[in-house]
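Need a 3D model of the following:
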Amino acid sequence: AQRSIVDQIRPYLNEQHVIAAGFSYGATTVSLAATLEPTKFQCAILLDAWLHIDYSSRGVEFDFPPEAFGAGWPQAAASNTDEKTGEDVDFTKRKKGLNIPSLFINSSQFQGYAKLMRSTHKLADQINSHNNNNNNKDKNKQNQRAEIYVIPRTKHQNFCDFVFWVPFVPWQFMKKICQLGDADAYEAYELILSRTIQFLESF
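Numbers count the residues shown, from 1 in each chain. Here you go, the predicted structure:
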């Protein structure tokens, strides 16, 4: 009988070295998961992460997800119920936030959103600040816990794999329909992969 894909790759998995990775709101989810369960992940790869919600026209604006920034949800109740104990827990007192090694790879389009990039740098600085206060003897690795890399001439959709699925479609048409940046799509992907590999090899 044919084995499932999971069964085939299971022997190659190391549960002690799990890497969390995501794109867009998936990257936001990664930042939340790594904040809530930091011991389960070795590091995080965040591709064009949505780290700021801006509905300032309606009076709503905050870093997102708040837990990753060591804060509570705006206008939310100060206390929530812990599922395990049933007791009220004040989540606003959890000031640590995201603090595992993280690589932020952004499009130049996202770099142009000042508030979004401000939140990205804020989160990276938070990670590095926490690590610098750690009593870790490996100072070099300690200072490289969070990195930000921006891929020139790219847009948000450059992180998607459209061009690989339909390579026969003319580039200019693909660029317009899929909202891609001016950078060569394949070269952009190579940069994403090479930067990720470089980051992971530091562990």
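
how far does stretch 36-45 sit from the chain's center?
Remark: stretch 36-45 is offset 11 Å from the chain centroid, using Cα atoms, centre = their mean, to the nearest Å.

Endpoints of it, how far apart?
16 Å (Cα to Cα, to the nearest Å).

Would you mark the buried spots in that stretch?
Burial within stretch 36-45, assessed by neighbour count using 16 or more other Cβ atoms under 10 Å, is assigned to 41-45. To be clear about C-beta, it is placed using only N, CA and C from the backbone, and glycine gets the same treatment.

Arg118 contacts His52, doesn't it?
Yes: Arg118 is in contact with His52 according to Cβ atoms under 8 Å; the separation is 7.4 Å.

Compare the two and say which is more crowded by neighbours.
Under the neighbour definition other Cβ atoms under 10 Å, Arg118 and His52 were set side by side, and His52 has more, 21 against 13.

Could you measure from Gln157 over to Glu67?
Applying Cβ to Cβ, to the nearest Å, the value for Gln157 to Glu67 is 28 Å.

Correction: the previous question concerned Ile105.
Taking Cβ to Cβ, one finds Ile105 at 22 Å from Glu67.

Looks like Asp153 contacts Leu180 (just checking).
Residue 153: Arg, not Asp. No: look at Arg153 against Leu180 with Cβ under 8 Å: they stay out of range, at 9.8 Å.

The two - which one has more neighbours?
For Arg153 and Leu180, the more surrounded residue by other Cβ under 10 Å is Leu180, and the numbers stand at 23 against 15.

ok, the more buried one touching Gln157?
Yes: look at Leu180 against Gln157 with Cβ under 8 Å: they come within range, at 5.6 Å.

Need the residues touching each of the two.
Residues touching both Leu180 and Gln157 (Cβ atoms under 8 Å, 6 or more residues apart in numbering): there are none.

so His17, which of the three states?
Three-state assignment for His17 (DSSP: H, G, I helix; E, B strand; the rest coil): coil.
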